[in-house]
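Asker: Test case, fold it:
(one chain, ligands or ions: 1)
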Amino acid sequence: MEQKPTRDSFLPYGRQWIDEEDIQAVVEVLKGEYLTTGPYITRFEKAVASYVGATYAVSFANGTAALHGACFAAGISDGDEVITSPMTFAASANCILYQGGTPVFADIDEETYNLDPAEIEKKLTSKTKAIIPVHFTGQPAPLDEIAAIAKKHQLVVIEDAAHALGATYKGNKIGSISDMTMFSFHPVKHITSGEGGIITTNDKDYYEKLLQFRSHGITRDVNKLTENHGPWYYEMQFLGYNYRLTDIQAALGLSQLKKLDAFIERRKKYRTMYDEAFQGLQAITLPFQDSNRCSSWHLYVIRLQLDQLSGTREDIFNRLRQENIGVNVHYIPVYYLPYYQSLGYPKGLCPKAEKLYEEIITLPLFPAMTEKDVHDVIQAVKKVICHYRKA
Ligand SMILES: *Cc1c(COP(=O)(O)O)cnc(C)c1O
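Answerer: Numbering: from 1, shown residues only. You can find the predicted model right below:
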């Protein structure tokens, strides 16, 4: 292979896109009266709720805190089992542990890489309390099948939609469908507030619990107080946290939200460029797609057909990094992580997810990429795959 890399500079797999308008939005807050829990929080929450078509939204300091809040609101506590996917970031399962629950990993569908409803059924017990489907890479999970299981067994459904802001399932936006849905505003996600997260819901009871949970379990609502000492009086009624987003972050999030549809358009355009370029390339499987469930294309994950290649996934990964392409792997099955191993989860638990993990590589995909960047990735992938393809 020639010495000179495809690119001179390193291209990350994901990155934010901040413009002058975003900067001005933040500066306005800094000049104003409230830095936190001011007017931008409600504006941002209303705008996200309206965008996804939900009645309520509650913002949080980050997506993980938001998932913790949702597990609290769902009533998950000691001894409860919650079914989720192993093919996700640790936070999807950690939020269950925060509440004293037990994460139960169900295997994935080999085509979509999302939770397989048949595998969920196999993991149901009398202790199952909730299901946390993860929309892997932005590709919506099978929500109808999951809702049917949840209804039959009276389970709460909390969607981990960290990858799926702007995705649609059978014509409805993700965030409008299940009991609660979490979105993240980490800089690699669709829009950013630096750190940040939100839960959308159509249920007033969940909404009120989430509000109270993110602020120490404290309420000042006179209708909820058990006593009233006067206008200064508030009550802490359960153990909550300080999980609030700042107005600085909310203003950034609100400004970014205006660009969300344009960001998604660019993501879609670039993934089409990848699809077309890699169509004829043997030895790799391209991401699943389905017109009924529109992905918002957070990640572009290719699967290597290792039997057709002379190198390992690590060889190919390293070669792409040498080309200055910021490839990544999403994800290491959650229960492989040492902490989960210490809890006693056996390897072999979800064989399809484990096999997938051995074969995947995430290519760069983010709206601030240029077409030149996309062409660089295409050129590097073709070069490396052709180098390792068996004759
Ligand atoms: C990013 C992410 C989270 C957590 O979001 P943070 O805002 O970083 O806390 C949870 N689940 C998945 C699948 C994610 O990608």
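
Asker: which residue packs closest to residue 219, ignoring adjacent ones?
Answerer: The shortest distance from residue 219 to any residue that is not its chain neighbour, by C-beta to C-beta, 6 or more residues apart in numbering, is 5.4 Å, and that residue is residue 212. All C-beta spots, glycine's among them, are computed from the backbone N, C-alpha and C.

Asker: neighbours of that neighbour, just the number please.
Answerer: By the measure other C-beta atoms under 10 Å, the count of residues near residue 212 is 23.

Asker: Could you do residue 225 as well?
Answerer: The local packing of residue 225 (other C-beta under 10 Å) involves 14 other residues.

Asker: ok, back up a step: give me the residues contacting the helix or strand hosting the residue nearest to residue 219.
Answerer: Counting by DSSP states H and E, the element that carries residue 212 is helix 204-213. Defining contact as C-beta atoms under 8 Å, 6 or more residues apart in numbering, one finds that helix 204-213 is touched by 55-56, 58, 69-70, 72-74, 179-180, 199, 201, 218-219, 237-238, 240-241, 243.

Asker: Separate out the buried members of these.
Answerer: 56, 58, 69-70, 72-74, 179-180, 199, 201, 219, 240-241, 243 (16 or more other C-beta atoms under 10 Å).

Asker: just those residues now: which is nearest residue 357?
Answerer: Proximity of the buried ones among the contacts of helix 204-213 to residue 357, judged by C-beta to C-beta, is greatest for residue 70, which lies at 26.3 Å.

Asker: my read: the closest one touches residue 200, true?
Answerer: No. The pair residue 70 and residue 200 does not pass the contact test of C-beta atoms under 8 Å, sitting 10.1 Å apart.

Asker: Now the common contact residues for these two.
Answerer: Common neighbours of residue 70 and residue 200, counting by C-beta under 8 Å, 6+ apart, are residue 180.

Asker: sorry, back to before: the buried ones among the contacts of helix 204-213 in helices, which ones?
Answerer: Of the buried ones among the contacts of helix 204-213, the ones assigned to helices by DSSP state H are 69-70, 72-73.

Asker: and the strand or helix carrying residue 321, which residues are buried?
Answerer: With secondary structure defined by DSSP H and E, residue 321 is part of helix 313-322. Judged by neighbour count using 16+ other C-beta under 10 Å, the buried positions of helix 313-322 are 313, 316-317, 319-320.

Asker: and if you look at stretch 360-368?
Answerer: Of the residues in stretch 360-368, those with enough neighbours to count as buried (16+ other C-beta under 10 Å) are 360-367.

Asker: Other residues contacting it?
Answerer: Outside stretch 360-368, the residues that touch it by C-beta under 8 Å, 6+ apart are 11-17, 188, 262-264, 266-267, 270-271, 274, 297-304, 313, 316-317, 320, 325-330, 373, 377, 381.

Asker: switch the cut-off to 6 Å
Answerer: For stretch 360-368, the external contacting residues (C-beta atoms under 6 Å, 6 or more residues apart in numbering) are 11, 13-15, 17, 263, 266-267, 270, 299-303, 317, 326-328, 330, 377.

Asker: Pull out the buried residues from these.
Answerer: Among the contacts of stretch 360-368, those classed as buried by neighbour count (16+ other C-beta under 10 Å) are 11, 13-15, 17, 263, 266-267, 270, 299-303, 317, 326-328, 330, 377.

Asker: Can you tell me which of these end up in strands?
Answerer: 300-303 (DSSP state E).

Asker: So which residues on the stretch 151-300 of the chain come close to the ligand?
Answerer: Taking C-beta under 6 Å from any ligand atom, the part of the stretch 151-300 of the chain that reaches the ligand is made up of 160, 162-163, 184, 186, 197.

Asker: related to what we said a few turns ago, now, which of the buried residues of helix 313-322 sits nearest the ligand?
Answerer: Nearest to the ligand out of the buried residues of helix 313-322 is residue 317 (C-beta to the nearest ligand atom; 19.8 Å).

Asker: And the pLDDT for that closest one?
Answerer: The confidence metric pLDDT takes the value 98 at residue 317.

Asker: which parts of stretch 354-361 are buried?
Answerer: Taking 16+ other C-beta under 10 Å as the neighbour-count basis, stretch 354-361 is seen to contain the buried residues 354, 356-357, 359-361.

Asker: Tell me, how many residues neighbour the residue of the stretch 51-200 of the chain found nearest the ligand?
Answerer: Nearest residue of the stretch 51-200 of the chain to the ligand, counting by C-beta to the nearest ligand atom: residue 63, 2.7 Å away. By other C-beta under 10 Å, 26 other residues sit near residue 63.

Asker: could you dump the buried residues of helix 313-322 to JSON lines with distance to the ligand?
Answerer: As requested, these are arranged in JSON lines below (distance: C-beta to the nearest ligand atom, whole Å):
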{"residue": "313", "distance to the ligand": "21"}
{"residue": "316", "distance to the ligand": "23"}
{"residue": "317", "distance to the ligand": "20"}
{"residue": "319", "distance to the ligand": "26"}
{"residue": "320", "distance to the ligand": "21"}
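
Asker: mind checking the SS state of the residue nearest the centre of the chain?
Answerer: What sits nearest the mean C-alpha location of the chain, by C-alpha atoms, centre = their mean, is residue 162, with 2.0 Å. Of the three states, residue 162 takes coil according to DSSP: H, G, I helix; E, B strand; the rest coil.

Asker: Residue 288 now?
Answerer: In three-state terms, and counting by three-state DSSP, residue 288 is coil.

Asker: contacting residues around it?
Answerer: With the criterion set at C-beta under 6 Å, 6+ apart, residue 288 makes contact with 111-112.

Asker: rerun at 8 Å
Answerer: Residues in contact with residue 288 (C-beta under 8 Å, 6+ apart) are 111-113, 139.

Asker: Would you map the helices across the stretch 1-150 of the chain?
Answerer: 20-31, 39-52, 63-73, 91-98, 117-123, 143-153 (DSSP state H, counting those that start in this stretch).

Asker: can you list the residues that contact the third one?
Answerer: When contacts are defined by C-beta under 8 Å, 6+ apart, helix 63-73 is touched by residues 58-60, 82, 91-92, 94-96, 98-99, 101, 130, 132, 158, 160, 162, 180, 182-186, 189, 196-199, 205-206, 209-210, 213-214, 241, 243.
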